[in-house]
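**Student:** just the structure for this:
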Amino acid sequence: MPPTQALFKPSSSATQNLTLDTTPAEQPSSIHPRRKLSERVTLRKGLRRLIDTVRDLQASGSVEMATELLAANCHSGYDVLDDLFARVPVRPDDVLVDVGCGKGRVVAYLAKTFPENKVIGVEVSDSALFVRRIFESNPRVEVRHAMLDQDYPVEGTVFFLFPPTDGELPEQLKSLIDAHAKRDTYVVGKGAMGALAAFRADPTWSVEHVAPPEDLVRRFLSTHFIYGHDHRGPGYHYGVILKKTVNANRA
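**Tutor:** Sure thing, here's the model as predicted:
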């Protein structure tokens, strides 16, 4: 997966203001409000990462994987994963696919949360080799080191997709599902999924938007707010559930 890119660049005036604020001569006697906010956010990130690291260890059973994910500062928080997958009617014979599995958090989450299901991770980078090694003793988990269109899992029926930047991946996945799906198929998406125009225009697809949490406790520890995902524009989603309805009479 390509590295996450900033979607907004600070203006030159904002940069100048930031420089002035951090100049010793301009420092007020009390702590600057922006510094207070920064300290609170750092505390929240620390708590969120601690919670997720414990769950990484529980899900994967691997200290090595939990350590790698902690170092990677993974933005796929378990709070969001729990919220999104609770809305999908996963069947025991569904095949769950993590598109762009990175260092494997979602693969571990799916394998732990759905112990009856086969789980496939697809990743073009060499991280796939690391995840494959971690799960080599689990017969339900398969990791494919390839581009999605080169080794598309035709058996997949529930897909997870978290594009870090705007691109063609959501529509590419849609085209592959349209071509191969033999039964109703779900895409659980978050991040830079875009306007989803192709999904909305296709009557065989439905689009359900998932709103971020509103209560203060959940918001305080929400990955979405801690990492500023709520400021990344309308094409960046807390979550969407996309459903492909397949004609039951299709061969």
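**Student:** hey, let's count contacts and neighbours off CA atoms from now on
**Tutor:** OK.
**Student:** and for L196, the neighbour number?
**Tutor:** Using other C-alpha atoms under 10 Å, L196 has 14 neighbouring residues.
**Student:** what sits against it?
**Tutor:** Shown in contact with L196 (C-alpha atoms under 8 Å, 6 or more residues apart in numbering): P170.
**Student:** do the one 3 residues further on as well
**Tutor:** With contacts defined as C-alpha under 8 Å, 6+ apart, F199 is in contact with K174, W205, S206, V207, L242.
**Student:** so, low pLDDT: which residues of the chain?
**Tutor:** Along the chain, segments meeting pLDDT under 70 span 1-41, 248-251.
**Student:** show me how far stretch 83-93 is from its chain's centre.
**Tutor:** In terms of C-alpha atoms, centre = their mean, to the nearest Å, the centre of stretch 83-93 is set 16 Å apart from its chain centre.
**Student:** ok, stretch 124-133 next?
**Tutor:** Chain-centre distance of stretch 124-133: 17 Å, with C-alpha atoms, centre = their mean.
**Student:** in that stretch, what counts as buried?
**Tutor:** V124, S125, A128, F130, V131, R132 (16 or more other C-alpha atoms under 10 Å).
**Student:** mind listing which of the contacts of F199 are in strands?
**Tutor:** If you go by DSSP state E, the contacts of F199 have W205, S206, V207, L242 in strands.
**Student:** circling back to that earlier point, quick one: the contacts of F199 as a markdown table, columns for neighbour count and distance to H231 too.
**Tutor:** Below are the contacts of F199 laid out as a markdown table (neighbours: other C-alpha atoms under 10 Å; distance: C-alpha to C-alpha, whole Å):
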| residue | neighbour count | distance to H231 |
| --- | --- | --- |
| K174 | 16 | 26 |
| W205 | 19 | 28 |
| S206 | 15 | 26 |
| V207 | 14 | 22 |
| L242 | 23 | 23 |
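**Student:** what is the nearest of the ones in strands among the contacts of F199 to P164?
**Tutor:** Using C-alpha to C-alpha, L242 is the member of the ones in strands among the contacts of F199 that lies nearest P164, at 18.0 Å.
**Student:** all helices of the stretch 1-150 of the chain, in order?
**Tutor:** Taking DSSP state H, counting those that start in this stretch, the helices of the stretch 1-150 of the chain run over residues 12-21, 33-60, 63-72, 78-85, 105-113, 127-134.
**Student:** just those: most buried one?
**Tutor:** Sort the helices of the stretch 1-150 of the chain by mean neighbour count, taking mean count of other C-alpha atoms under 10 Å, and helix 105-113 sits at the top with a mean of 22.
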